[in-house]
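Colleague: Sequence plus predicted model, see below.
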Amino acid sequence: MVSDNELGLFLRAHREAVTPAEVGLPAGPRRRAPGLRRSEVAALADVSVEYVTRLEQGRDRRPSPQVLAALATALLMNRNERIHLHRLTKAADPGFNCRGNAIPDGEVRPTVRALLDRLEPTPTVLLNQLSDIVAHTTGYERLMRPIGLLDVAQPNLARFVLTDPRARSAYPDWDHLADEQVAALKQGPFRAYPPMAALADELTVTAGDAFTWRVDTVPSLPEASGILRLAHPEAGMLRLAYETLELPADDDQRLIVYLPADATTSAALDRLDNQHPQPLRLVAG
């Protein structure tokens, strides 16, 4: 399964993120925290408060499709969130591991290599399910080597963010980025997949609460796009718009492309390219 109570965590996180105004309810004078009360979600979904409580606490992990759809509507979930919610109910059975015993893939298909070639000099990285860096463009190397991410023989993005002190200096929004890294690791069977369980055990020791707290509190659905702020030693503060492209299931890899989010960042990336001209190449793990 994903974690001990991933379904309940996902529902609770969404309940706390939706404001009363978004669903047409008055805020009320004594509301101590943003978000909806369980009673409000229950009323919107036409279920009992006790049932919402059982779901959030993990005492019921198999709601019917009708209840699941009603909760998703009440919590204003988008299409991707609804799909993930459905997957979490299927993951309640720990007897099935969709990845089996397959070793994390470090191979890059020729067409994916060709795509990376075409994307030069755009900073682009290919990650496997463990967040190992499988391949990247030279543009990505120019961007990330100065912060220390590529210093080891087998770089791993999650390991760097959660355990390397340099990451906190490089990423002004470190807390959010750490949330996203843990959410990405939790997508799928998590500890039911032996290689992921080994990485989780390692991070439990090396990252401590920075990892274990997030496993218990961060839902397993990372953002597919957004803005990454990077304090680059040579180029200064950068704002990078990123898009995550999931490759087919057999690859179990994801491609992250970084584009300048403003004119200042665009000019800074151009200067980096001009200062560090390199032949077109790929680095594969």
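Modeller: Good, I have the coordinates.
Colleague: For residue 183, the count of nearby residues, please.
Modeller: Applying other Cβ atoms under 10 Å, we find 17 residues neighbouring residue 183. Where you see a C-beta, it was placed from the backbone N, CA and C, and this is true even at glycine.
Colleague: How about residue 7?
Modeller: If you count neighbours by other Cβ under 10 Å, residue 7 ends up with 26.
Colleague: That one: helix or strand, and which one exactly?
Modeller: If you go by DSSP states H and E, residue 7 is part of helix 6-17.
Colleague: And that helix, what does it pack against?
Modeller: helix 49-57, helix 79-90 (3 or more Cβ pairs under 8 Å, 6 or more residues apart in numbering; DSSP states H and E).
Colleague: Just the buried residues of that helix, please?
Modeller: Within helix 6-17, the residues that qualify as buried are 6, 7, 8, 9, 10, 11, 12, 13, 14, 15, counting by 16 or more other Cβ atoms under 10 Å.
Colleague: So for that helix, mean pLDDT?
Modeller: Average pLDDT, helix 6-17: 92.
Colleague: what's that helix in contact with?
Modeller: 3, 33-36, 38, 41, 52, 55-58, 61, 71, 75-77, 81, 84-85, 88-89, 91-92, 186, 216-221 (Cβ atoms under 8 Å, 6 or more residues apart in numbering).
Colleague: hang on, the earlier thing: and the buried residues of helix 6-17, which is closest to residue 126?
Modeller: Checking the buried residues of helix 6-17 against residue 126 with Cβ to Cβ, the nearest one is residue 6 at 26.4 Å.
Colleague: follow-up on the earlier one: compile the buried residues of helix 6-17 into CSV and extend it with columns for distance to residue 124.
Modeller: Below are the buried residues of helix 6-17 laid out as CSV (distance: Cβ to Cβ, whole Å):
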residue, distance to residue 124
6, 30
7, 34
8, 36
9, 32
10, 30
11, 35
12, 35
13, 30
14, 31
15, 36
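Colleague: out of those residues, who's nearest residue 264?
Modeller: Using Cβ to Cβ, those come closest to residue 264 at residue 13, 33.8 Å.
Colleague: can you tell me how far that closest one sits from residue 180?
Modeller: In this view, residue 13 and residue 180 are 14 Å apart by Cβ to Cβ, to the nearest Å.
Colleague: what's the overlap in contacts for the two?
Modeller: Common neighbours of residue 13 and residue 180 are not found (criterion: Cβ under 8 Å, 6+ apart).
Colleague: Stretch 135-154: which residues count as buried?
Modeller: For stretch 135-154, burial by neighbour count (16+ other Cβ under 10 Å) applies to 135-144, 146-150.
Colleague: Narrow those residues to those in strands?
Modeller: When DSSP state E is applied, the buried residues of stretch 135-154 are split such that 135, 136 fall in strands.
Colleague: in stretch 116-124, what counts as buried?
Modeller: Under the neighbour-count criterion of 16+ other Cβ under 10 Å, stretch 116-124 has 116, 120, 121, 122, 123, 124 buried.
Colleague: and which of those is nearest residue 45?
Modeller: Nearest to residue 45 out of the buried residues of stretch 116-124 is residue 124 (Cβ to Cβ; 41.3 Å).
Colleague: Tell me the confidence at that closest one?
Modeller: For residue 124, the model assigns a pLDDT of 98.
Colleague: and it, how far is that from residue 143?
Modeller: 10 Å.
Colleague: Which neighbours do these two have in common?
Modeller: Contact criterion Cβ under 8 Å, 6+ apart; residues shared by residue 124 and residue 143: residue 258.
Colleague: circling back to that earlier point, quick check on the contacts of helix 6-17: which are buried?
Modeller: When the contacts of helix 6-17 are checked for burial by 16+ other Cβ under 10 Å, the buried set is 3, 35-36, 38, 41, 52, 55-56, 61, 71, 75, 77, 81, 84-85, 88-89, 91-92, 186, 218-221.
Colleague: so what's the residue nearest to residue 214 when sequence neighbours are not counted up against?
Modeller: Excluding the flanking residues, the one nearest residue 214 by Cβ to Cβ, 6 or more residues apart in numbering is residue 182, at 4.0 Å. Counting by Cβ under 8 Å, 6+ apart, residue 182 touches 158, 162, 211, 214, 215, 218.
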